[in-house]
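1. Please work out how this folds:
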Amino acid sequence: MSQFFQIHPDNPQLRLIRQAADIIRSGGVVVYPTDSAYAIGCHIGDKNALDRIRRIRKLDARHNFTLVCRDLSEIATYARVNNTVYRLLKHCTPGPYTFILQATSEVPRRLLHSKRKTVGLRVPENNIAQALLTDLDEPMMSVTLIMPGDEYPLIDPYDIRETLQHDVDLVIDGGYCGMEPTTVIDLVDETPLVIRAGKGDIAPFED
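-> Predicted structure coming up:
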């Protein structure tokens with residue numbers, strides 16, 4: 001049976017944030033709110049937790065997970081970013097974007113695109129997610145919480161608890177989240193390529 005933490009979306013209770021971070025560090029799988037939709041995540045180096053998320057969402061090995069980061073300093077650790085790309089990232093983070101970037105050697109191989117050696121990175125603008133990442137002091141491996149056969153993410157934390165109470169270790173209730181996914185931007189070749197138009201405004205990436 002999963003735990004269920006009700007955390008204030010504007011002023012997250014640090015005691016609960018610390019408990020949530022400890023669950024992640026110990027190999028737990030956690031559902032948490034972001035600025036686009038609820039996501040499901042785990043510790044960056046935990047293969048077993050990653051495999052659990054794949055089973056929950058019925059994802060194959062080719063599905064790319066995202067590294068959810070606290071800020072741009074963490075992005076620079078896990079991706080090769082030149083000055084042009086950095087300025088663009090600075091303008092658009094935190095926010096509802098996922099950026100496809102060339103990975104560094106710090107990225108676990110299981111998170112890399114098998115042929116391009118790229119990784120998806122994002123910095124969410126959500127107080128709960130930010131507090132969790134700050135306590136962890138490292139990114140989380142994460143995917144949007146879309147259940148098999150569904151078109152949209154789950155938005156109600158009570159529905160999430162009922163659906164996943166035997167599959168995850170913690171559901172964080174941060175209120176209702178939206179159902180629009182992040183905008184995905186490929187920045188590998190410097191010229192921005194919009195892979196998916198979602199919640200984030202694509203205007204900064206158009207000619």
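2. For the worst-scoring helix or strand of the chain on mean pLDDT, buried residues please.
-> Ranked by mean pLDDT, DSSP states H and E, the weakest helix or strand in the chain is helix 72-78, scoring a mean of 88. By neighbour count on 16 or more other C-beta atoms under 10 Å, the buried set for helix 72-78 is 72, 74-75, 78. For glycine as for every other residue, the C-beta is placed from the backbone atoms N, C-alpha and C.
3. How about stretch 47-57?
-> For stretch 47-57, by 16+ other C-beta under 10 Å, it's 49-50, 52-53, 56-57.
4. returning to that earlier point: mind exporting the following helix or strand past the least confident helix or strand of the chain as CSV, just the C-alpha atoms?
-> Next along the chain after helix 72-78, taking DSSP states H and E as the criterion, comes helix 83-92. Output of helix 83-92 as CSV, limited to C-alpha atoms (Å, rounded to 0.1, in the frame of the first residue of the first chain):
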residue,chain,number,x,y,z
ASN,A,83,26.6,29.6,-25.0
THR,A,84,23.8,29.9,-27.6
VAL,A,85,21.8,27.0,-26.2
TYR,A,86,22.5,28.1,-22.6
ARG,A,87,20.9,31.5,-23.3
LEU,A,88,17.9,29.9,-24.7
LEU,A,89,17.6,27.5,-21.8
LYS,A,90,18.0,30.4,-19.3
HIS,A,91,15.1,32.2,-21.0
CYS,A,92,12.8,29.2,-20.9
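5. Quick check: bridge partners of Q6?
-> When bridges are called by DSSP bridges, Q6 pairs up with D173.
6. what's the least confident helix or strand of the chain in contact with?
-> 67, 69, 81, 86, 89-90, 93, 99, 101, 103-104, 106-107, 119, 121, 123, 138-139 (C-beta atoms under 8 Å, 6 or more residues apart in numbering).
7. Which residues are in contact with L59?
-> For L59, the contacting residues are 53, 143, by C-beta under 8 Å, 6+ apart.
8. Help me confirm that it is found in a helix?
-> No - read with DSSP: H, G, I helix; E, B strand; the rest coil, L59 is coil and lies in no helix.
9. roughly how far apart are it and E180?
-> 20 Å (C-beta to C-beta, to the nearest Å).
10. Which of the contacts of helix 72-78 are buried? Put it as a ChimeraX command.
-> Selecting only the buried entries of the contacts of helix 72-78 in ChimeraX, with 16+ other C-beta under 10 Å as the criterion:
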select :67,69,81,89,93,99,101,103,107,119,121,123,138,139
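11. Can you list which of the contacts of helix 72-78 are found in strands?
-> Judged by DSSP state E, these include 67, 99, 101, 119, 121 as members of strands.
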